[in-house]
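Peer 1: Only the shape, not the letters, is given here:
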DNA sequence: CGGGACTTTGAGCTTTCTCAACGATGGTGG
DNA sequence: CCACCATCGTTGAGAAAGCTCAAAGTCCCG
């Protein structure tokens, strides 16, 4: 039954001290992204309209063009977001991780699709509940605006990558940003120490994210490997041997 | 003195019934974008912290990396927004017109540059004034979130274009969206009647927007011209002879 | 009428894509 | 437990889309 999402608590409003409300304490996303903007008291109110949902790896839970009934916040796992052309060409617009929100819509239908890259846990809010929460807690809406503005900055960087960078620069940019995700040193200059981590997506996903073909992604990885900048224990596990050098190859 | 922006009212707070407050009535952007979300009463309050600013064609008024001191709303004219790489490669992330807002930032520095494509009139708000307005009028912040979400949809469409469309499809997509801007038929199916309008940007801007070279943009235009889908009276004035056919070439 | 900037067109080149084969990995069933 | 199969990743060779460089054409403006 791996194809059917398992809804842990299919109730619309949870009592204030229910396990759902309390679970935020233990949530991996409690102090990341949207929820980080809320006090323990406020998040209790948010939790009352939240449903906890699990998605197996590969499951699509947002379909481009379908009614935007829900809004999601990722508690665990990784998600790929994409748009497609009628003939099947696909552009992945982002890989989202813990604390990331998904599914805001103005038009009433989703403008993109979203799939679980691995087993994912989500907080789900239905549209109308969310609107009432906004009315009660403007802080949430304010934080959401902040997050949306930050998303926009990232989107503009991706446009620069897609429109103007070479294949090698694109792959280096990707490695650089994932190195930052796994060894975030905030404001300090990036560490020169090697970092190893797992990539939750395959080469085809990567190609569709970087505007390349899987072959070109693979060739770029191979070149970086030849140059001693990275290494692969297996295709998923990358070691960034010279993070500063990779960063220099991103061209900004 | 065309290089120096002319500030019409360099005062920070204007009295409620001042010409500034009343000018919103006559503003071309009064019922577009952000301002459209506000009642006549509310917009009076917004006008009290607004400065009206003019920019001559070509003037850069937002510089990537500089402190994000101001927030702008376009009253008249067209603006190009872009990011650049250190070696000069440029990606234009959007062409903004009347009613468009610009300059929100979370980090405290602008993530992009903005230049006037022609003579532009802007409403300018300083950061701190804007934050106080947000506190007083959550409706503005809510509308801003809505606008930001819509921006994000457009950005994702542009990523799809840059990552996955052919040169001809990119140029057709551009023509299609500008046809829509100039002959917006809302929900009804697009008109089959020809539309003529002026492009405020040159071929190099277009190339930097579409991830191409000026030569390729020109060649694509020439092909569409040969095929009888468009015509140019001069390089700025385009006639879209078969809007529906152009729309079909965008591939979505 | 002339000069500068922009646009168009052409020819050859480069990067990336396409197509194909080979290799590695992981899951499944005998 | 191992062989098999499917999927994914890597590598190579040739093709093609779009880029670079160059020259000619056009338009605007003084």
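Peer 2: Perfect, I can see it now. Just so you know, these numbers come straight off a predicted model, no measurement behind them.

Peer 1: For the rest of this, base every contact and every neighbour count on C-alpha atoms.
Peer 2: Fine.

Peer 1: can you map out the strands along the stretch 51-200 of chain A?
Peer 2: Shown for the stretch 51-200 of chain A, the strands assigned by DSSP state E, counting those that start in this stretch span residues A:51-55, A:60-62, A:70-76, A:79-84, A:90-96, A:101-102, A:113-116, A:120-126, A:195-198.

Peer 1: How about the fifth one and DNA strand D, any contact?
Peer 2: Pointing back at strand A:90-96 there. No: Strand A:90-96 lies out of reach of DNA strand D by CA under 7 Å from any atom of the strand, never closer than 14.8 Å.

Peer 1: Could you see whether DNA strand C lies near that strand?
Peer 2: No: counting by CA under 7 Å from any atom of the strand, DNA strand C has no neighbours in strand A:90-96; the shortest distance is 11.8 Å.

Peer 1: what does the stretch 101-250 of chain A put close to chain B?
Peer 2: Contact residues (CA under 8 Å from any CA of the partner chain) of the stretch 101-250 of chain A with chain B: A:104-106, A:111, A:138, A:141-142, A:144-146, A:148-153, A:155-160, A:162-164, A:208-212.

Peer 1: Can you tell me which of those residues end up in helices?
Peer 2: Using DSSP state H, the members of these that fall within helices are A:138, A:141-142, A:144-146, A:148-153, A:155-160, A:162-164, A:208-210.

Peer 1: one step back: out of the strands of the stretch 51-200 of chain A, which is closest to residue A:29?
Peer 2: Using CA to CA as the measure, strand A:70-76 is the one of the strands of the stretch 51-200 of chain A that comes nearest residue A:29, at 5.2 Å.

Peer 1: Specify the angle between the closest one and strand A:51-55 in degrees.
Peer 2: 70 degrees (axes from the mean of the first three to the mean of the last three CA atoms, to 10 degrees).

Peer 1: tilt between strand A:70-76 and strand A:120-126?
Peer 2: Using the same axes, to 10 degrees, strand A:70-76 lies at 150 degrees relative to strand A:120-126.

Peer 1: tell me which strands and helices strand A:70-76 is in contact with?
Peer 2: Applying 3 or more CA pairs under 8 Å, 6 or more residues apart in numbering or on different chains; DSSP states H and E, one finds that strand A:70-76 contacts strand A:101-102, strand A:120-126, helix A:127-136.

Peer 1: Let's have the ones you listed in JSON lines, adding mean neighbour count, distance to residue B:248 and mean pLDDT.
Peer 2: Formatted as JSON lines, the helices and strands packed on strand A:70-76 follow (neighbours: other CA atoms under 10 Å in any protein chain shown; distance: least, CA to CA, whole Å; pLDDT from 0 to 100):
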{"stretch": "strand A:101-102", "mean neighbour count": "21", "distance to residue B:248": "30", "mean pLDDT": "96"}
{"stretch": "strand A:120-126", "mean neighbour count": "22", "distance to residue B:248": "35", "mean pLDDT": "95"}
{"stretch": "helix A:127-136", "mean neighbour count": "15", "distance to residue B:248": "33", "mean pLDDT": "88"}
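
Peer 1: Reformat those as JSON lines; add distance to residue B:121.
Peer 2: As requested, the helices and strands packed on strand A:70-76 are arranged in JSON lines below (distance: least, CA to CA, whole Å):
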{"stretch": "strand A:101-102", "distance to residue B:121": "35"}
{"stretch": "strand A:120-126", "distance to residue B:121": "41"}
{"stretch": "helix A:127-136", "distance to residue B:121": "34"}
